[in-house]
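>>> quick one: sequence and predicted model below, then my questions.
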Amino acid sequence: MREEQAHYDIAVIGGGLAGTCAAIAAARLGRRVALVNNRPVLGGNASSEIRVWVCGATAHGVHRWARETGIMGELYTENQYRNPEGNPYYWDQVVLDAVRAEPRIDLYLNTDVREVDADGPADRREVRSCTGWMMGSERRITFHARQFLDCTGDGLLGHLAGARHRIGREARGEFDEPWAPPEADGALLGSTILFHTRDTGRPVKFVPPAHAKDLSTTPILRNRILRTGDNGCDYWWIEWGGELDTVHDNERIRDELQSVIMGIWDHIKNSGQFPDAADLTLEWVGSLPGKREYRRFLGDHVLTQQDILQQRPFEDRVAFGGWSVDLHPVQGMYADEPGARQRYADGVFHIPLRSLYSANVTNLLFAGRNISATHIAFGATRVMATCATLGEAAGTAAALCVTENLTPRQLATERPDLVRRTLLRQDASVIGVADEDPDDLARAARVSASSSLVRLAAEPAPDAPGTPYPLTRDLALLLPVDPALDTVDLLVHGAPDGRARDLTVELWGTGRPENAVPAEKLLTTTVTVPPGGPHWVTARLDHRPDTPRNAIVIVRACPDTALVLLPERTDGVLALRSKAEGDAAVDHDIPEEEGQLVLEWQARGLRRQTFAFRAAPDTAAFHPGRAVGGYQRPYGGPNMWSSAPDGEREWLRLDWDTERELAEVRLVFDDDVDEYLNNLHRHRTPYEVMPELVRDYRIQWRDTGGIWHTALTVRDNRRRHRVHPLPSADGGPLRTDGLRLVVDATHGAPRAHVIAFKAYAGA
């Protein structure tokens, strides 16, 4: 055995997506980081060892403009480019490459942390070090650091350090959560093992092992649906252990899950009920249970069901989620009730920094499924893309604590502005916070552009008239309103019986700016549609909100009439349809509760399509100034500059009254966060790179004679967020009174989109 001592600024224990993103975030802020994982691959439940879909705020496409940005966004989009087939081994390499790209991270795989040195009174403990055993290498390594992050999922590091935590469900009265049980108990969400199949092209037999479960002795055949064509992750309901201790009984849980998988496969192959399974064989069965729940630490704020469903906008919010409050029966696959009960908020919800650090261990942060949340709220925060954004936030906070010599509590309560600015500078997953960074010199510049999109419309071309979309249900358009929406023209097919129809058109607000569902009716009007057509008809709305906001124009169902659906994406616009009987559920194994606006109004099935319309007056939603000092995500509007259609070599320019010394430029491009991505491709998108993303561009600066010089040229860009140093010809900082971003090409979109254009005097 070899004894080693390792010293770092930050030690991140746990290499799932939360720990991975935490380590990357801290390293990018200049800190030396140890990333310690007890498995041979990174990714946790997302890795090729367990193979769970990476789900997040999009909630399988339920929420609009909700895909994560920041480091998780980079992983999503890089995987989409490299791995369009969703190969789990390729996904492993995407995650590993992201870590290896950071020179300040030392990666310790196969290293199981089992000991913690912490001291101090119970209400103010401090971690000095933790020690891990590197399996297969006979190395015992002690990690010393100033800040520690528990991203282990099970929360072992924090537990050994004496951090306060809970296991199980809180009583309903403690936080007044409607879904909590009357009395507290130790019930948990169970664990799952998944399996994959392969078509061999010829009949293959299956001889079940002795431990295969006889499904006829269980409720599974009565209460669960078996299908041969499902993705392996569709069998998430193979879940058990909620009535046990999911850590100490892990071996027993694994054996039970594997026996059920063998029983399921025996039934599919040998019952005679699945003739299409004749050529299928088991290609892979997991050996590790994918755990859902164990310890949840106590921070200065405990996230609750109300926080999630009411979308509370915490002042110290550092991340967002959008998954439903998703709770499973404690009996798992043996329960008589459905495998899950889910409730969605009307839009994304927010997570505060105060839920990411220990209330009683002064230098311990956490991220992932072990954050400070009740059992009910944890049902929404536990999915991996959300855990990844929490990791980026916690890693950022840890780096700032080291740099500023603060505890996490001091950072959250005394310097929340610093956290917000840093996260926005990194393009992290924060919604509803404007970038007011005083170091961003672009905020003091005059902003102009070669052109801007001012006409908000989608009209059919002579050779592409669009498709009639019958008004057998209510249909709607979400439109940005900046500064007004006086009229909307709609292209409508009238009735074929020779009679005119009166069409009811309503204008609705979305309530919260991050939402995209009709929440408050503003007015109702009626328009007459002549027979035949199609005809342009005009709805007068006269809507002038105090601030830029989204609004939803609802066209109520009307017999024998139809809107015109165009196969094009219109910037800042969404087409919606009301839910109708027979519409596919988000998950075919989970009944949907009534009264959920994001399910009653669907964008799924209509994304990248638009009902033909013309809005007046012209819009300022895509003004060049939107790329400077504003929001970096859709929030009450698109929040980006868009050029006019079909321009060539479009540019966005910053002008100052006097010369400025510039050392760095940061750019945020549009990668369409409304497009739902997934690492193992539950949903397939046809794009390896989002068409809206800028592909080729140049950064230029102006000399004292007014001549523009190219400082750098980028070709084949695939990243949303780009950071570029700006050296002058002599290698020092660049001095100029003008900076220009020239867009030479996108990945297919007809307009140039820029979400943020930032300039700094120093890195």
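Yes, it's here.
>>> what's next to stretch 724-739, contact-wise?
Stretch 724-739 is contacted by residues 445, 653-667, 699-703, 708, 711-712, 759, 761-763 when judged by C-beta atoms under 8 Å, 6 or more residues apart in numbering. (C-beta placed from N, C-alpha, C; glycine too.)
>>> and those, which are buried?
Among the contacts of stretch 724-739, the ones that count as buried by 16 or more other C-beta atoms under 10 Å are 445, 653-654, 656, 660, 662-667, 699-702, 708, 711, 759.
>>> just those: which are in strands?
Counted as lying in strands by DSSP state E, out of these, are 653-654, 656, 660, 662, 664-667, 699-702, 708, 711, 759.
>>> residues in contact with the spatially closest residue to Ile371 that is not a sequence neighbour?
Leaving aside its chain neighbours, Ile371 sits nearest to Ser355 (5.2 Å; criterion: C-beta to C-beta, 6 or more residues apart in numbering). For Ser355, the contact set (C-beta under 8 Å, 6+ apart) comprises 299-303, 371-373.
>>> also Thr504?
The contact partners of Thr504, by C-beta under 8 Å, 6+ apart, come to 524-526, 555-556, 558.
>>> before we move on, the earlier item: out of the contacts of Ser355, what pair is the most spread apart?
Asp300 and Ala373 (12.7 Å; C-beta to C-beta).
>>> phi, psi for the residue nearest to Ile371 please.
With angles defined as degrees, to the nearest 10, Ser355 sits at phi -100, psi 0.
>>> any idea how far it is from Leu490?
Distance of Ser355 to Leu490, given as C-beta to C-beta, to the nearest Å: 45 Å.
>>> over to Val330?
Val330 is 51 Å from Leu490, where distance means C-beta to C-beta.
>>> and the two? Which one has more around it.
Leu490 (24 against 20; other C-beta atoms under 10 Å).
>>> the more buried one touches Ala562, doesn't it?
No. The pair Leu490 / Ala562 is not scored as a contact, 10.7 Å apart, by C-beta atoms under 8 Å.
>>> out of the contacts of Thr504, which is nearest to Met640?
For the contacts of Thr504, the nearest to Met640 is Val555 (27.3 Å; C-beta to C-beta).
>>> give me the number of residues near Ala98?
The burial count for Ala98: 19, using other C-beta under 10 Å.
>>> so for it, what's the pLDDT?
With respect to pLDDT, Ala98 scores 98.
>>> over to the one 5 residues further on?
Pro103 carries a pLDDT value of 98.
>>> which non-adjacent residue is nearest it?
Leaving aside its sequence neighbours, Pro103 sits nearest to Ala27 (C-beta to C-beta, 6+ apart; 7.8 Å).
>>> ok but that neighbour is inside a helix, no?
Yes. Looking at Ala27 with DSSP: H, G, I helix; E, B strand; the rest coil, it is inside a helix.
>>> ok, how many other residues are close to it?
Residues lying near Ala27 (other C-beta under 10 Å) number 24.
>>> Thr20 is in contact with that one, correct?
No. Using C-beta under 8 Å, Ala27 makes no contact with Thr20, being 10.9 Å away.
>>> measure the residue in the chain sticking out farthest from the centre to Val586 for me?
Going by C-alpha atoms, centre = their mean, the residue of the chain most distant from its centre is Gly498, 49.4 Å out. Applying C-beta to C-beta, the value for Gly498 to Val586 is 42 Å.
>>> same check on Leu109?
36 Å.
>>> likewise for Gly762?
47 Å.
>>> go on, Val714?
Separation of Val714 from Val586 (C-beta to C-beta) stands at 38 Å.
>>> which SSE is the residue lying closest to Pro638 once chain neighbours are set aside in?
Distances taken as C-beta to C-beta, 6+ apart place Gly572 nearest to Pro638, at 3.7 Å, with adjacent residues excluded. If you go by DSSP states H and E, Gly572 is not part of any helix or strand.
>>> my read is that Gly572 contacts Tyr635, right?
No. Gly572 is beyond contact range of Tyr635, at 11.7 Å (criterion: C-beta under 8 Å).
>>> in the stretch 401-550 of the chain, which spans are helices?
408-414, 416-425 (DSSP state H, counting those that start in this stretch).
>>> got the domain ranges for this protein?
The chain is divided into the following domains under automatic domain parsing: 2-161+293-425, 191-285, 441-452+622-760, 457-616.
>>> what pLDDT is listed against the residue nearest to Pro638?
Model confidence at Gly572, given as pLDDT, is 96.
>>> count residues in the vicinity of it, would you?
For Gly572, using other C-beta under 10 Å, the count is 22.
>>> repeat for Val419
Counted with other C-beta under 10 Å, residues neighbouring Val419 total 22.
>>> distance of it relative to Glu404?
As judged by C-beta to C-beta, Val419 and Glu404 stand 10 Å apart.
>>> kindly report the same for Asp266.
Distance, Asp266 to Glu404, by C-beta to C-beta: 60 Å.
>>> between these two, tell me which one has more neighbours.
Neighbours per residue (other C-beta under 10 Å) separate Asp266 from Glu404, with Asp266 holding more: 18 against 12.
>>> could you find the closest non-adjacent residue to the more buried one?
Per C-beta to C-beta, 6+ apart, closest to Asp266 is Pro208, 4.0 Å.
>>> and the residue nearest the centre of the chain, helix, strand or coil?
In the chain, the residue lying closest to the centroid (C-alpha atoms, centre = their mean) is Glu68, at 3.0 Å. Secondary structure, three-state DSSP: Glu68 is coil.
>>> quick one: low-confidence ranges for the stretch 101-250 of the chain?
Residue ranges of the stretch 101-250 of the chain with pLDDT under 70: none are present.
>>> now the helices for it?
Going by DSSP H, counting those that start in this stretch, the stretch 101-250 of the chain shows helices at 156-161, 172-175, 220-223, 250-270.
>>> OK, contacts around Arg198?
By C-beta under 8 Å, 6+ apart, Arg198 lies in contact with 280-283.
>>> redo that, cut-off 6 Å
Residues in contact with Arg198 (C-beta atoms under 6 Å, 6 or more residues apart in numbering) are 281, 283.
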